[in-house]
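Chemist: Curious how this folds, go ahead:
(one chain, ligands or ions: 2)
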Amino acid sequence: MSCKICKGCGEQKVLGDFYRHPQMRDGYLNYCKECKKAEIKANRTLKKEHYAEYERQRNQTEKRKDFLYSNLKRWRQKYPEKLAVQLARRRTRKFLAEGDFTVEEFRVLCGEYGNVCLRCGQTDVSLTPDHVIPLSLGGGNGIGNIQPLCVKCDCWKNIKTVDYRTAI
Ligand SMILES: [Zn+2]
Ligand SMILES: [Zn+2]
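Modeler: Residues are numbered from 1 along each chain as shown. Ligands and ions are numbered 1, 2, ... in the order given. Okay, the predicted model is just below:
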């Protein structure tokens, strides 16, 4: 016998189209290679979906949520500048503004101004990149439109266009 009917697709195929299996009477699986491959692939997708669902469920539990949130909080505390750059990018997209600056560029800028808040002159505060011309008023997100302010002064300035860089 050199042919065999596949139990999956029902086609008659030569034995070479079946995987060998020592426990089968004729030494070959009852499903052809193609059907077997399709089955393995389907199982894999199913497993992937199961896993994704499992992750989703897991992330729903309060403990897990707390964990993820505290991770995020820790990251924000550890890298406030990175967060500020991210937020600025998000706002840039929101206002369809142009330009981009990096954490590195902002650090250099802060250094150039002596790492002080340009409004209140405090040094022991964490500085945040403020848009001289607010994005909402057509300002860009390039480093040329950025000045370091402390969080308090940044809130105070809000959406006014005030260039503190000239005062230094
Ligand atoms: Zn088949
Ligand atoms: Zn300040």
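
Chemist: What about Cys6, how many residues nearby?
Modeler: For Cys6, the count of nearby residues is 19 (other CB atoms under 10 Å). Using the backbone N, CA and C atoms, a C-beta is placed for each residue, glycine as well.

Chemist: Let me see the confidence value for it.
Modeler: Predicted confidence (pLDDT) for Cys6: 96.

Chemist: I'd guessed it sits against Cys32; true?
Modeler: Yes - counting by CB atoms under 8 Å, Cys6 does reach Cys32; the two are 4.0 Å apart.

Chemist: what's the overlap in contacts for these two?
Modeler: Common neighbours of Cys6 and Cys32 are listed as Lys13, Asp17, Phe18 (criterion: CB atoms under 8 Å, 6 or more residues apart in numbering).

Chemist: Inside strands: which ones of the residues you listed?
Modeler: Lys13, Phe18 (DSSP state E).

Chemist: For the shared contacts of Cys6 and Cys32, which single residue is the most surrounded?
Modeler: Phe18 (23 neighbours).

Chemist: and that one, what are its bridge partners?
Modeler: Cys32 (DSSP bridges).

Chemist: close enough to count as contact, it and Gly8?
Modeler: No - between Phe18 and Gly8 there is no contact under CB under 8 Å: 10.6 Å.

Chemist: Between these two, which contacts overlap?
Modeler: Joint contacts of Phe18 and Gly8 (CB under 8 Å, 6+ apart) are Tyr31, Cys32.

Chemist: Please point out which parts of stretch 145-163 sit buried.
Modeler: For stretch 145-163, a neighbour-count test (16 or more other CB atoms under 10 Å) marks Asn145, Ile146, Gln147, Pro148, Leu149, Cys150, Cys153, Asp154, Lys157, Val162 as buried.

Chemist: what about Leu96, distance to ligand 1?
Modeler: 54 Å (CB to the ion, to the nearest Å).

Chemist: which residues does that residue contact?
Modeler: Neighbours of Leu96 in contact, by CB under 8 Å, 6+ apart: none.
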